[in-house]
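**Student:** generate coordinates for the sequence data below:
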Amino acid sequence: MTDRLTPQNVTVTTATIEVKTLTLGKRQITQSVFRQLVEERLIDDNGSFRGQPWGYINHCPDKKVTDILTSKMIDCATGPEHRHVVWQKGDELRRSRILAYRPPYYGVWSDTTDLIVQAGYCINDHEMPAWITSRRSDEFTFQQDGVRCTGAAPRRGWETGHECATAAMLERARADLTEEIAQERVLHATRKSAWEAVVALPQLFIAV
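**Tutor:** I've put the predicted structure just below:
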């Protein structure tokens with residue numbers, strides 16, 4: 001039977017917590033000094049690091065930032081999940097605002113998927129086939145290899161410059177897309193791993 005908790009048999013134990021601070025010489029770096037670090041991307045489009053990350057700072061150096069989806073100015077602190085990372089480039093320090101990894105809502109979208117939508121429309125007597133769906137007039141989606149794919153609106157049969165895509169073009173595009181999907185899977189796995197590595201970085205404390 002478990003003992004009853006009483007002031008006589010319960011004690012408070014002090015644990016040692018490791019706190020890492022960012023210092024310049026013997027002085028702790030301040031928020032104003034942190035803001036002076038050059039902002040530069042740490043992670044390339046292919047998910048690789050361009051330098052050595054040191055850790056992240058729980059402080060937004062800029063009140064307003066540009067939203068990458070809408071290009072509008074938003075509050076950094078209340079925007080999408082992110083980390084402000086201090087990293088080393090050669091013998092210099094940089095800071096980088098890194099957004100949390102999120103798979104694109106549209107799945108795979110490329111010239112190849114555009115061609116597939118166009119060909120699907122053309123070889124179906126200029127009607128959109130059942131395997132292509134749309135919620136917006138400028139985006140059409142379909143599934144291939146278990147992946148959501150998106151293509152632009154097709155050039156309609158009555159539009160000037162329209163040239164019908166053929167069944168053979170559709171078949172070749174389908175084969176090309178299978179290769180693209182395999183590459184995209186590797187790319188997004190790498191980007192996800194990069195974000196996980198960022199999350200695992202230690203927090204660095206700075207002075208106000």
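
**Student:** and the next helix or strand past the longest helix along the chain?
**Tutor:** If each helix of the chain is counted by residues according to DSSP state H, the longest one is helix 167-199. Using DSSP states H and E, the helix or strand that follows helix 167-199 in sequence is strand 204-205.

**Student:** that next one packs against which elements?
**Tutor:** Judged by 3 or more C-beta pairs under 8 Å, 6 or more residues apart in numbering; DSSP states H and E, strand 204-205 is in contact with strand 20-21, strand 52-57. C-beta: built from backbone N, CA, C; applies to glycine.

**Student:** within the sheet, what are the partner strands of the shortest one, with directions?
**Tutor:** Here the strand partners of strand 20-21, with direction, are listed using DSSP bridges: strand 204-205 (parallel).

**Student:** and the partner strand, how far from the chain's centre?
**Tutor:** 24 Å (C-alpha atoms, centre = their mean, to the nearest Å).

**Student:** point out where the chain drops to low pLDDT.
**Tutor:** Across the chain, the ranges flagged by pLDDT under 70 are 1-15.

**Student:** could you check the angle strand 52-57 makes with the longest helix of the chain?
**Tutor:** Interaxial angle, helix 167-199 versus strand 52-57 (axes from the mean of the first three to the mean of the last three C-alpha atoms, to 10 degrees): 70 degrees.

**Student:** so for helix 167-199, what gets flagged as buried?
**Tutor:** Using 16 or more other C-beta atoms under 10 Å as the test for burial, helix 167-199 gives 169-170, 173, 176-177, 180-181, 184, 188, 191, 194-195, 198.

**Student:** backbone dihedrals for the closest residue to R155 other than its chain neighbours, please?
**Tutor:** Leaving out its chain neighbours, the residue that sits closest to R155 by C-beta to C-beta, 6 or more residues apart in numbering is H162, at 5.0 Å. Here is the backbone geometry of H162 (degrees, to the nearest 10): phi -70, psi 130.

**Student:** so what's the residue count around H162?
**Tutor:** With neighbours defined by other C-beta atoms under 10 Å, the count for H162 comes to 14.
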